[in-house]
Structure formats: structure tokens, C-alpha cells
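Visitor: All I have is the shape, not the residue letters:
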């Protein structure tokens, strides 16, 4: 059982950092806070890789940690399996890189200790949500992450920030109420809150009408957190309003952890996915990927364009997960990984332009490539990757999702996915042309490239965008296939959890 | 059964307030009512007929007690609701500072 | 009495002072008996916070702030959260996070149940001070609005 001892660290480290920074931040120098926050982010990243490696080397593909020594189903347990490891690596990688970027970027905001406290609380919520094996703790961590993200969106305290945050908080709380109602009904049905125990009881009681109802509640709740199309209205306001490094985390990992991961974990591993629910997910995915990209094309605000594009890419992921075939889930998880890196990078680029030139309006900027070569080139790599140009990672993940559609016989959806990809290419060509190519606007002659820490983090993310396709090679393949297998084995998850506890 | 229906009525009142009212504070109140209706529903799920409070004392026979787990869970959910309310109210105060009004149709700057 | 200009009338001040002391003691009772009776850290913390809020309502913001400054209050809140985490971490000495490592004692006594009363006290501190800070922050926001 000793090997499972690292699992609670994913919650302890960010929580401890958050309160220590909040307590001591007022009395210490700025540099100390930066160093401290980077060290704890690095530790989290290290432990996620370490856990994943341990999972490979030790043969059993699941670790279960009993909090306070109380065994499930009565105690609270933390579960670390292939999917949790996959998500933890993504979340902590993006958090680490964004933290490095924040070193320079956050200069213009006052009250840096509060900023880092909120970031670490958000990280606590996301990490906790990923490792928890208990439905009610999932709700608590969901709310911890959401609450700190509401506050971070309003961090600039301009009137637009406040309004966006208010809208986001109202819709997010409504989504949480739906999730909580779903959990309440499930508790009434199964008399347990442990996810593994619940999965076993639901597998025995078949043919109930409660399960489809609860599935729809969860799709509404988590779908709002993931900004699926009919309930997306908060995202295009909230993500641009936040500071750029926070936008990168919100778009890169928060909507995926709170929305897609939680939905997939519950639908596949706990209550089981039926063909009707699967077709609802596929439809919603196709709807958001096609409509949101059209809206993205019409935007002139750089960050709003990126936010709409996020809705569209989340549509791809939901489409792949909704197919519920091995190929579809593999493609969806691969696209999740790629999109985290791509969209974080694009938001960091937008932040760099804002930092240097002080504008977000695409019509005002022109020819910035001349003055900001690193930003322009990394942004070009991310744009090509998200649009699906062959050697880049985004191409492979979209190709797998389209193949999965054809394999299942959904030719129409495959066609929509292709059209969506072409429109994404058009959107990002427009963005690149307006922002970086063409003649330099004369008022930007004074511009300089952004400081070293910001450049470094953008280059690292660009390398991930370009080389992400290597994950499909047989040597690295386990990273994706282990995660996909967890979802594919369905309620067998429960058996594995109880075996690991013994 | 009728108690569950009352929860539904309460939920719908909250939803009405959330969707129909234009004052920011009234929207927040609507959200709070919705949250509490779900909390009430969860507590009622744990009730059994003529059940007693689940408190253990030295000379007490443990029988026919209501389910204590929903109560613990709902207490936590109320704490979370408190945090959300505090944040929303402070946002509303700041918005009032900037615009001088709480009417949501007059402060809308962001589109779609 | 020390500050007659701000706040409400003498009757309200005197009676609220009495009630606030009773509320404080009652909140502490609820917190300390959290492992024996209904209540516990959160409920007791709310009662303690409300007795402070009562004082603010009766005497005005400044009188309350002279007793407990906002900075000290928010520091105390952080200390409460950190102590709770440290009690959880103490469990690692016995092998698991949040393991009850202390002596359990016999049931239904005040000094029993290992770390649970300690957790209650720490949560009471955190919630009591936290609610007080929330109230004060909202009051200060409201104040700054009126001055504009």
C-alpha cells in the first residue's frame, strides 16, 4: 500500500502552497513567492510523472488510497489509474508552464499573493477532482475549482470583467446545482456515494428509468462547465476577461477537467453509457464544433476568437467520446491533450501581444511578426496544429476522430467534422494574417519582444504542439491507450478498485 | 411523495426568479432558492417514517434512526453555497459601484 | 458606550453586548461538544461570527475594527486552514492521511475521539473568522460606494 502514498500529495501540495502564500505573501518579497509557487508546481508535475511511471512498472494498473485508513465503500478513497494519470500530467504540465509565464506577465496586476492563492486553490480543485473516487468529493472539488475560477475571471475588476464573472458564476452555480441533484438522486437509488460501489449496484439493478434521467442531468451540469453549444454563453465572456495566463489555464485545462473528464468518468465508469445517451453526446459535439467555429470566424477581438474556437474544439472531443468506440475515445483523449497545449499557447500569445502592444483588437494590429518573432512563430505553430495541417499533432487527433465516425457509420458527422476543420483553418488564417503578417502598423515601431520567462514558456508549449504526434508511436502509445482503456472497460472499474483495496 | 413535489415547486420558483428577474440581487436570491430546494430534497431522501435524529448517547437504543449521511453532505453543500453567495454579492456590489444600477438590461456591455 | 456617536441607541448597545457574550460562549460550547452532540466546527463558528456581527451592527464598523483588524482576521483564517491541514498531515505518522493518531479515550467524554475535537476547534476558528471577514469586506465595499 506504500506506493499509493503519493496520491494525497496531489491535493496537499497545492492546498498548502495556497494558504502559505496567502499567509506569508504580504511579508515576503515578490521573488520568493514566484520561486515558491514554481517549486510546488514542479513538484506536482514530477509526482504526476512518477505516479504514471510507477503504474507502468508495478504491473497492477490501479492504485487506491484509503483516507484515514477507512476502506471503501464506507471511507473516502482516492483512485489513481491510467486516465487519472493522463489528466494529472496534462493539468500539472500546463499549470507549471503557465506559472513560469506569470512571472513577468502578472507584473501589471496588484496583489500578487492573492493571485497565486487563487491559482493554487483552482489547482487543488482540479487535481482533487481527478483523483477522487467518491461522488460527493467530486462535487466539492468541482466547486472549489469553479469558485476560484469565478474570482480569477473578475481579477482585473474592470466592469467587463465583473460582468463576465457574474454571468459565469450564475451559469456555473446552476450547473453545479444540476450535478448535485444528479448525485442526490443517485444516492437515493443506490444508498452509497462511493463511485466503485455505486457502479456495482447500478450494474445489478438494470432497466431502471432513473439512470437515463440522471445521465441527462449530468450532461446538462458538466456540459455547462465544458461549454457545450446550447449552454456555452458564459465562455466567450469569461475566458477573454481573465488575465491571459488564467485564460490559458481555463481554456486549456479547467473546462476539460471539470467538464469532459468528470462527465466521461461518471458516464463510462459509474452509471454506464447507453446508445441513446451516446447519440445525444455525438449530436451536441457536432453542433458545437460546427456552429462555434462560424461564430469564431466573425470575431475581431483576438481572445474572443480563441474562446469561440475552444468551444468548437471541445465539440470535437465530446464527439469522439460520444462515439464510445476504442478509436473514438483514443482520438478524443489525444485531441484533449493537443488542444490543452495548443489553446494554452494561443492564449499566452494573445497575452504577450497585450503585454507588449496593449491591444486585443485584431483590426489594430498588423505585421507584428517583424517585432515579435518568437510570439509570431509559436502562434503560427499552434494555429497550424489546431487547424489540422499534416505534420502537426492536431492533424492526427482530428483524423482519428473522423475515422472513428466513419467506422461507426456516421458519415454525416464525419463530414461535419471535416467542414469544421476547414473552417478552423480559415479562422486561424484570418487571425494570423491580421495579427502577424502584412505591413507593420506605424504606431508599433517601439515594440520589443516580451521578456525571457514568457518566451521560454511559449517555446516549450510550441515544441509540445509540434511533437505531440509522437505520442502515437508504439513506444509512447501507452500514455493514451492506458487512459482510453480505463473508459472502455466500463463498470469493471469497480471490480478493480475493490481488488486493489484488499 | 407530496414533500418531493414541494421541492419541485420550490425549484421552479427559484428558476423563475433566475430567468425572469432583472435585478442582480433578485437573480442571486433565485439561485439561492434553487440550491436550497435541492438541499431539502437530499435531506428528505434520508428520512424514514417516524425516524429519530441520528445522535448516539450513552443509554440509547439504536433503532429507527434517519440516515445521517445526507445531513452531513447537505451541511457541506450549504457551506459551499455560502461561499458562492458571498462572491456573487460582492460582485453585485462592485457592479453597482461601476454602473450605479442593478438592472441587468442597463449594464450589459458584453454581447452574446 | 465608549463611542456614543456611531451605532445605535444605548439600549441596543447594552443588550447586544450581553447577547454577544452569551453567543460567544454558546458558540464555544457547540464547538467543544461537536463530537458528542449535534453541531461542531461549522455551526459553532457561525454562531461566534454572528455574535461579532451583532457587535458591528450595534456599535458601527470602526468599534469592531479596533478590536480585530481585517489583516489580523484574514491571517487567523489562513492559520485555521493551515492547522486543519497539519492535523490531517499528522495522520501520516500513523500511516495514512487524516488517520486518527491520538488516544481515543472512552466514548461520550469531553476528552475523547482523538483528533476530531481538534479538527472541530480549528474549523470553528476558520469559519468564525472567515464569516466575520466576509461580512466586514461587504460592509467596507458598501461604505466605499456611499462615499463616492
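Guide: That came through, no problem. Not measured: the values here are computed from a predicted model. Numbering: from 1, shown residues only, chains lettered A, B, ... in the order given.

Visitor: and whatever helix or strand residue C:86 lives in, is it in reach of chain B?
Guide: Using DSSP states H and E, residue C:86 sits in helix C:70-90. No - against chain B, helix C:70-90 shows no contacts by C-beta under 8 Å from any C-beta of the partner chain, the least distance being 12.8 Å. The C-beta positions use only the backbone N, C-alpha and C, and glycine is treated the same way.

Visitor: which ones are touching residue A:97?
Guide: Counting by C-beta atoms under 8 Å, 6 or more residues apart in numbering or on different chains, residue A:97 touches A:344, A:457, A:460, A:461.

Visitor: can you list the weak-confidence ranges in the chain?
Guide: Assuming you mean chain A. For chain A, applying pLDDT under 70 flags the ranges A:1-3.

Visitor: wrong one, chain C
Guide: In chain C (pLDDT under 70), the answer is C:1-7, C:64, C:143-148.

Visitor: What ranges does it have for its helices?
Guide: C:10-32, C:41-59, C:61-67, C:70-90, C:116-147 (DSSP state H).

Visitor: Out of the ones you listed, which is the most enclosed?
Guide: helix C:41-59 (a mean of 22; mean count of other C-beta atoms under 10 Å in any protein chain shown).

Visitor: helices and strands around that helix, which ones?
Guide: Using 3 or more C-beta pairs under 8 Å, 6 or more residues apart in numbering or on different chains; DSSP states H and E, the elements in contact with helix C:41-59 are helix C:10-32, helix C:61-67, helix C:116-147.

Visitor: So for chain A, which of the ones you listed sits nearest?
Guide: Among the helices and strands packed on helix C:41-59, helix C:116-147 comes nearest to chain A, with 10.2 Å by C-beta to the nearest C-beta.

Visitor: Mind checking if that closest one is in reach of chain A?
Guide: No - judged by C-beta under 8 Å from any C-beta, helix C:116-147 stays clear of chain A, getting no closer than 10.2 Å.

Visitor: how far off helix C:41-59 does that helix point, in degrees?
Guide: Counting by axes from the mean of the first three to the mean of the last three C-alpha atoms, to 10 degrees, helix C:116-147 lies at 30 degrees to helix C:41-59.

Visitor: Please settle this for me: is residue A:80 part of a helix?
Guide: No - the assignment for residue A:80, made by DSSP: H, G, I helix; E, B strand; the rest coil, is strand rather than a helix.

Visitor: List the backbone torsions phi and psi for residue A:482.
Guide: phi -60, psi -40 (degrees, to the nearest 10).

Visitor: tell me the secondary structure for residue A:65?
Guide: Of the three states, residue A:65 takes strand under three-state DSSP.

Visitor: how far away is the residue of chain A most remote from its centre from chain B?
Guide: Most distant residue from the mean C-alpha position of chain A: residue A:442, 38.3 Å away (C-alpha atoms, centre = their mean). Using C-beta to the nearest C-beta, to the nearest Å, residue A:442 is found at 30 Å from chain B.

Visitor: Give me the helices and strands touching the helix or strand hosting residue B:9, please.
Guide: Assigned by DSSP H and E, residue B:9 falls within helix B:2-20. Counting contacts by 3+ C-beta pairs under 8 Å, 6+ apart, helix B:2-20 packs against helix B:24-45.

Visitor: wait, does the helix it packs on contact chain A?
Guide: Yes - using C-beta under 8 Å from any C-beta, we find that helix B:24-45 touches chain A at B:24, B:27, B:31, B:34, B:35, B:38, B:41, B:42, B:45.

Visitor: For chain B, what lies in contact range of chain C?
Guide: Near chain C, when you scan chain B using C-beta under 8 Å from any C-beta, you find B:53, B:55-58, B:75, B:79, B:82, B:86, B:89-90, B:93-94, B:96-97.

Visitor: what residue is smack in the middle of chain C?
Guide: residue C:128 (2.2 Å).

Visitor: Is that residue in contact with residue C:28, as I believe?
Guide: No - the criterion here is C-beta atoms under 8 Å, and residue C:128 misses it with residue C:28 at 9.8 Å.

Visitor: quick one: common contacting residues for those two?
Guide: Contacts common to residue C:128 and residue C:28, judged by C-beta under 8 Å, 6+ apart, are C:44, C:48.

Visitor: Now do the residue nearest to residue A:215 when sequence neighbours are not counted against chain B, distance only.
Guide: Nearest non-adjacent residue to residue A:215, counting by C-beta to C-beta, 6 or more residues apart in numbering or on different chains: residue A:277, 4.8 Å away. Going from residue A:277 to chain B by C-beta to the nearest C-beta gives 22 Å.
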